[in-house]
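[1] based on what follows, work out the 3D shape:
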Amino acid sequence: MINICPNCGSYRADRAIDPAGPYAVCPECGFKQPFLRLPLLVVSGASGAGKSSVCNHLLGKLRDAVILDADILWRPEFNTPGDNYHAFFDAWLRMSKNIAQSGRPVALFGAGMGVPSNLEGLVERRYFSAIHYLALVCSDEELARRLQARPAWRDSGGAAWIESQLAFNRWFRETGAFGQPPVELLDTTGVPLEQTAAQVEAWIRGKI
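    Model (predicted):
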């Protein structure tokens, strides 16, 4: 674990980063620990935009990155809207930076991950050379149709839920794409899954 200093044993996530190594510099003893500072690739979008379908399609096919769905770590204790789900996002950055030490960056698929303000200010962010954001978007009509077509057990057809996801979809198109850092957009309206997956794969390869 990078957060544990191999010299003095202290646990500190807030190490200074010396890009010359790169090194994670222990604030307790000054030890410079070399590590791999790779990018993090985030694929996001509103519910129904196609994240999970693309993620599953690329599993076992794209070997240049470790593909993970952010939902696999979700637990009730992470449901803390009061602090903007800080522990959940922080856990994923910590997990991703440690996975990256194997030599392959993480391509993380998740809705809230695609809002840069959820990740950029966290202490673990410093361990990545960059975070690149891609959001799958589609027309409002298409998104509503996809959500309404889901099985009843997913509880995605309610008016309130659909409206919340339409608003999130519009946020990416109208705000996220023009922020700093910007969220790149990929419109999936009327596009077959195989084509969308190929475009996401090309985007990931281009950012590594």
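[2] tell me, how many residues neighbour Trp171?
    Residues near Trp171, counting by other C-beta atoms under 10 Å, number 17. Just so you know, the C-beta spots here come from the backbone N, C-alpha and C atoms, and that holds for glycine as well.
[3] now do the SS call for it.
    helix (DSSP: H, G, I helix; E, B strand; the rest coil).
[4] tell me the contacts of the closest residue to Ser10 other than its chain neighbours?
    Spatial nearest neighbour of Ser10, excluding adjacent residues (C-beta to C-beta, 6 or more residues apart in numbering): Glu28 at 4.3 Å. The neighbourhood of Glu28, defined by C-beta atoms under 8 Å, 6 or more residues apart in numbering, consists of Cys5, Cys8, Ser10, Arg12.
[5] I'd say the last one and Cys26 touch.
    Yes - Arg12 is within contact range of Cys26, at 6.7 Å (criterion: C-beta atoms under 8 Å).
[6] distance of the residue nearest to Phe168 when sequence neighbours are not counted from Pro39?
    In this structure, Phe168 finds its nearest non-sequential neighbour in Ala46, 4.2 Å apart by C-beta to C-beta, 6+ apart. Ala46 is 24 Å from Pro39, where distance means C-beta to C-beta, to the nearest Å.
[7] just to revisit the earlier point, higher neighbour count, Arg12 and Cys26?
    When Arg12 and Cys26 are compared on other C-beta under 10 Å, the one with more neighbours turns out to be Cys26, at 20 against 16.
[8] now for the helix or strand encompassing Arg94, which elements pack on it?
    Assigned by DSSP states H and E, Arg94 falls within helix 86-99. If you count contacts as 3 or more C-beta pairs under 8 Å, 6 or more residues apart in numbering; DSSP states H and E, helix 86-99 packs onto strand 106-109.
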